[in-house]
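*Asks:* What would the 3D arrangement of this be:
(chains A and B)
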Protein chains: 2
Amino acid sequence: MASSILSDCSSCATSRLLPLRRALLPPLPRFRPILASASRRPLLVAAPLPLLPPARGMASLSAAASSADSATISADACAKVIDGKLAAKQIREEIAIEIAKMKDAIGVVPGLAVILVGSRKDSQTYVRNKKKACEAAGIKSYEVNLPEDTSEDEVLKHIATFNGDPSVHGILVQLPLPHHMNDENILNAVSIEKDVDGFHPLNIGRLAMQGRDPFFVPCTPKGCMELLHRYGVEIKGKRAVVIGRSNIVGMPAALLLQKANATVSIVHSKTKNPEEITRQADIVIAAVGVANLVRGSWIKPGAAIIDVGINPVDDPESPRGYRLVGDVCYEEASKVAGAITPVPGGVGPMTIAMLLSNTLESAKRIHNFK
Amino acid sequence: MASSILSDCSSCATSRLLPLRRALLPPLPRFRPILASASRRPLLVAAPLPLLPPARGMASLSAAASSADSATISADACAKVIDGKLAAKQIREEIAIEIAKMKDAIGVVPGLAVILVGSRKDSQTYVRNKKKACEAAGIKSYEVNLPEDTSEDEVLKHIATFNGDPSVHGILVQLPLPHHMNDENILNAVSIEKDVDGFHPLNIGRLAMQGRDPFFVPCTPKGCMELLHRYGVEIKGKRAVVIGRSNIVGMPAALLLQKANATVSIVHSKTKNPEEITRQADIVIAAVGVANLVRGSWIKPGAAIIDVGINPVDDPESPRGYRLVGDVCYEEASKVAGAITPVPGGVGPMTIAMLLSNTLESAKRIHNFK
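*Replies:* Numbering: from 1, shown residues only, chains lettered A, B, ... in the order given. From the prediction side, this is the model:
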C-alpha cells in the first residue's frame, strides 16, 4: 500500500491532498451566459489571477519538492485554486434562469435523451448525476436503459426515434459501449443537430477549421476553456501544451486553444521529452489518465494548470481504500503554478454543466430563441 | 528594386537561388503505390538522408549567414535537396500504370471534374496544368468554365450533376471563388465520396480523430508527408513545427504529422517567439505565404525543411522581372538543414500528383478495385 502512495507522487510520500483553499479564491462575479462559440472571449471574467508567483529557480524548486512534507507544502503553496465546483454551480444556476425564460416565452423546455447500454456501475452513476443535474436546471430527461447484450440495430432504432422527436434537443450515448458494438456507427447515427457531446467527426472538422464553428463544443474541453476564461487566464499568444490526444478531450482541447490563438503543442506517449516541452507552457491541459504524471519540475513558474485526469490511487487512510488524484502532482505543481484545478472539484463538475449548456444551446438554435 | 531583393533575404543580398543540386540526390528507387491512409508508413523509402550535417554551433551559423555570398554559400551548403519534381514525376508514372491496369481489368478509368468560375489567369493556368496531368496519366477530365457573374445556384447545379455522374470520381471547385459566392456552401455541396481536395469538414474531422481515416487527405499536405516518407525522414517521436494554420495546408499538415506520431507545435501570426519554437523542430513545414520568413537562424542543424510557400519577389535580372521564393530563406537554411525542398520544384509539383492519386483512390474505392 505504501508503495502505491509513493508511486502516485513519490517525492512527497507523506503528504496529503491539501484542503482546497477556497478562502483564497475571489468570489466569482454574477454569472452571465457561457460560451456560444468556440473562439469567443470570456463573457465573464473573474478577478485575474496573478500568473507569476514569486520567482524561484528550478534548482530550489526541485530541492523543495524532494524534501516536502504537508506543512512545508502548505506554507509554500502559491497557486490560486481554479474552483470548478463553484464555477459549475454558477453555470447550472444561470442555465436554469435561461430555461425558465425560454419556457415563459415560447413554452418549450430543452430535452436531453441518454442511452445507456449495460450495467457498468460508473456509467450508471454518471447517468444518474446527469439526470439530477438536468432536473435541477429544468431540462427534461429521457432515458433508455438497455441490457448488455442488446444488438447494435436496437440501439440505432432508439437513436432514430430520438432524432425524430422534436421534444429532444440533445442525444447522448453513454460510453463505453459493449465490445460487440461499433462505436463509430452508433455515434455517427446521432443527428449532428442533437450531438450535444460534440463527438461527430463533422463537428470536430468544423472545430479544427478557421472560419467555421462547431455545432457543439465537446463538453470536457469546453469546460477547460470556460475555466481559463472565467479565471482571467490570457490565452492569445501564450504557449499551451496539451498532454494527451484523445478524441474526447486532448485533441479537441488543443483545437480550442489553437482557435483562441495560443501556440499549441501536443504531448503524447511517443513524445521523447515531455517534461522539457511542458515546462515551456504558460497553459497546460493534462488529459492522459496517468496518476500524478506531471511533476512540479514539469511546470513553468506561474503557469495555469488544468488537470482533467481523475485517477484512483490506493489510500489505506481513506474509508474507501482509495482516493482520486489527477494527472498532475498537485502538491508539487501548486507550489510552482500560478493557477491550478484541484482533483476532485476542478474540471469534473464542469463536464455535466457544459452538457446542460450544449443542450440549452441546441434547443435555442432549433427554436430560434435568442 | 534592390530593397525588394534585400527584403526577401537580407543577409545575402547578392546571392541567387542556388541551382538545384540534383546530382547530390540519390535516384529514387522504382516507384510503388502511394499513401492509401494518412497514418501508413512509406511504401517506398529512398536511401535515407543523413539528418545530421557536420556539427555547427548557432554562433558560427549566424556569423556565416551574415557574411554570406554566393560562393561561400555554395561551399557551405550541406542540406540534401528533396526533389519534388522528380518524386512527382515518378508518382504520376506509377498512377498511369495503375490506371492502365484498372482499365484492362474492369474497363473503367478515373474521371476528374473541375469547375472554374471567372477568368483569373493563375486559376486558368492551374486548371490547364491539372488537365494536362490528368490526360498524361489516363484520367478523364471534365471541365466547366463559368463566367465571373455566375450565380451560386448555377454552380451548385453543376456540382449536383457531377455528384450523380458515375464516370466522375473526383470533383474539384477551383478556388478562390468570386466574392459573391459562399465558399462553404459550395464546397459542402461536393459529395464526400468525390471530395478529392479533402476540404470537407467531415473529412478534416476524420483526419483529426484517432482511429478514423479521412476519405481523402488534402493534396498539398499529403504531398509534404509523401516527400518526408520518400526521403526517409523519420517522423515518429520527432519534434515538428508547422508554420501557418490555413484550412488547406497548415492545419491538415499538423494533423497528419500528429497522426504519424510526431510531437507537433503550430506557429502562427499570434505566436510570440516563432524563431525559438521553430529552432526546436526536427521537421519544419512552412506554409504561411511570406517570402523568406524562415531564416537560417530559425533552423535546428540537421532538420528536414518542407517549404510550401511560393512567393514572387522582384528580380530585375529575371526576364519576367520577378522570381519565386519560398517561405524559407533557402540560401541560409540549406546550410543548416539536413534536407530541404527547393522553391520552385519542391512541394509545388506534388500537389497535382496527389490530386491524381486521390482521384485514382476514389475510383478504386467506388468500383471496389484493389
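*Asks:* where along the stretch 101-250 of chain A do the helices fall?
*Replies:* A:121-137, A:152-164, A:183-189, A:201-208, A:219-230, A:250-259 (DSSP state H, counting those that start in this stretch).
*Asks:* How about residues contacting the longest one?
*Replies:* Helix A:121-137 is contacted by residues A:92, A:95-96, A:99, A:112, A:114, A:116, A:140-141, A:143, A:172, A:174-176, A:352-353, A:355-356, A:359-360 when judged by CB atoms under 8 Å, 6 or more residues apart in numbering or on different chains. Glycine gets a C-beta too; all of them are placed from N, C-alpha and C.
*Asks:* filter those to the buried ones?
*Replies:* Burial by neighbour count, 16 or more other CB atoms under 10 Å in any protein chain shown: within these this picks out A:92, A:95-96, A:99, A:112, A:114, A:116, A:140, A:172, A:174, A:352-353, A:355-356, A:359-360.
*Asks:* Next, the contact list for the closest residue to residue A:147 other than its chain neighbours, please.
*Replies:* Ranked by CB to CB, 6 or more residues apart in numbering or on different chains and with sequence neighbours excluded, the top spatial neighbour of residue A:147 is residue A:118, at 7.3 Å. Shown in contact with residue A:118 (CB under 8 Å, 6+ apart): A:146, A:147, A:148, A:177, A:178.
*Asks:* Can you name the two of the residues you listed that sit furthest apart?
*Replies:* Based on CB to CB, the longest span within these runs between A:147 and A:177 and measures 12.7 Å.
*Asks:* what sits in contact with each of these two?
*Replies:* Here residue A:147 and residue A:177 have A:117, A:118 as joint contacts, going by CB under 8 Å, 6+ apart.
*Asks:* neighbour count winner among those two?
*Replies:* residue A:177 (21 against 10; other CB atoms under 10 Å in any protein chain shown).
*Asks:* doesn't residue A:116 make contact with the more buried one?
*Replies:* No - if you go by CB atoms under 8 Å, residue A:177 and residue A:116 don't touch, sitting 9.8 Å apart.
*Asks:* Around the residue nearest to residue A:155 when sequence neighbours are not counted, count how many other residues there are.
*Replies:* Spatial nearest neighbour of residue A:155, chain neighbours left out: residue A:186 (5.7 Å); criterion: CB to CB, 6+ apart. For residue A:186, the count of nearby residues is 18 (other CB under 10 Å).
*Asks:* ok, now which ones touch residue A:186?
*Replies:* Contacts of residue A:186 by CB under 8 Å, 6+ apart are A:152, A:155, A:156, A:159, A:173, A:177.
*Asks:* so how far is residue A:155 from the last one?
*Replies:* Separation of residue A:177 from residue A:155 (CB to CB, to the nearest Å): 8 Å.
*Asks:* residues bridging contact with the two, i.e. touching both?
*Replies:* Applying CB under 8 Å, 6+ apart, one finds that residue A:177 and residue A:155 are jointly contacted by A:117, A:186.
*Asks:* do stretch A:289-297 and chain B meet?
*Replies:* No - Stretch A:289-297 does not reach chain B (CB under 8 Å from any CB of the partner chain); its nearest approach is 14.2 Å.
*Asks:* Helix or strand, whichever it is, which one in chain A has the lowest mean pLDDT?
*Replies:* Within chain A, no helix or strand scores below helix A:58-66, which has a mean of 31 by mean pLDDT, DSSP states H and E.
*Asks:* can you pull out the helices in the stretch 251-370 of chain A?
*Replies:* Under DSSP H, counting those that start in this stretch, the stretch 251-370 of chain A gives helices at A:274-278, A:330-333, A:348-366.
*Asks:* Could you single out the most deeply buried of those helices?
*Replies:* helix A:330-333 (a mean of 28; mean count of other CB atoms under 10 Å in any protein chain shown).
*Asks:* For that helix, give the mean pLDDT please.
*Replies:* Per-residue pLDDT values over helix A:330-333 give a mean of 98.
*Asks:* for that helix, packing partners?
*Replies:* The criterion is 3 or more CB pairs under 8 Å, 6 or more residues apart in numbering or on different chains; DSSP states H and E, and there are no helices or strands that helix A:330-333 contacts.
*Asks:* And residue A:369, its phi and psi?
*Replies:* Per-residue torsions, residue A:369: phi -100, psi 130 (degrees, to the nearest 10).
*Asks:* State the distance from it to chain B.
*Replies:* Per CB to the nearest CB, to the nearest Å, residue A:369 is found 24 Å from chain B.
*Asks:* same thing with residue A:123?
*Replies:* From residue A:123 to chain B the distance is 20 Å (CB to the nearest CB).
*Asks:* Same check on residue A:350?
*Replies:* Distance from residue A:350 to chain B, by CB to the nearest CB: 22 Å.
*Asks:* so what's that residue up against?
*Replies:* Counted by CB under 8 Å, 6+ apart, residue A:350 has contacts A:84, A:87, A:88, A:91, A:219, A:220, A:222, A:223, A:224, A:226, A:227.
*Asks:* Looks like the first one contacts residue A:349 (just checking).
*Replies:* In this case it means residue A:84. Yes - counting by CB under 8 Å, residue A:84 does reach residue A:349; the two are 5.0 Å apart.
*Asks:* Show me whatever sits in contact with both of the two.
*Replies:* By CB under 8 Å, 6+ apart, no residue touches both residue A:84 and residue A:349.
*Asks:* where exactly do the strands run in chain A?
*Replies:* Shown for chain A, the strands assigned by DSSP state E span residues A:80-81, A:111-117, A:140-146, A:170-173, A:239-243, A:263-267, A:283-286, A:304-307, A:311-314, A:322-325, A:339-340.
*Asks:* Let me have those in CSV, extended by mean pLDDT and distance to residue A:276.
*Replies:* CSV is the format used below for those (pLDDT from 0 to 100; distance: least, CB to CB, whole Å):
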stretch, mean pLDDT, distance to residue A:276
strand A:80-81, 98, 26
strand A:111-117, 97, 42
strand A:140-146, 97, 47
strand A:170-173, 97, 39
strand A:239-243, 98, 11
strand A:263-267, 98, 10
strand A:283-286, 98, 13
strand A:304-307, 98, 17
strand A:311-314, 96, 24
strand A:322-325, 96, 24
strand A:339-340, 98, 20
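*Asks:* do you know which of those lies nearest chain B?
*Replies:* Ranking these by proximity to chain B (CB to the nearest CB) places strand A:263-267 first, at 4.0 Å.
*Asks:* what angle do that closest one and strand B:263-267 make?
*Replies:* Calculated by axes from the mean of the first three to the mean of the last three CA atoms, to 10 degrees, strand A:263-267 forms an angle of 180 degrees with strand B:263-267.
*Asks:* tell me which residues in strand A:263-267 are buried?
*Replies:* Buried, per 16+ other CB under 10 Å, within strand A:263-267: A:263, A:264, A:265, A:266, A:267.
*Asks:* Near chain B, list only the ones from these.
*Replies:* A:263, A:264, A:265, A:266, A:267.
*Asks:* quick check, nearest of those residues to residue B:364?
*Replies:* residue A:266 (32.5 Å).
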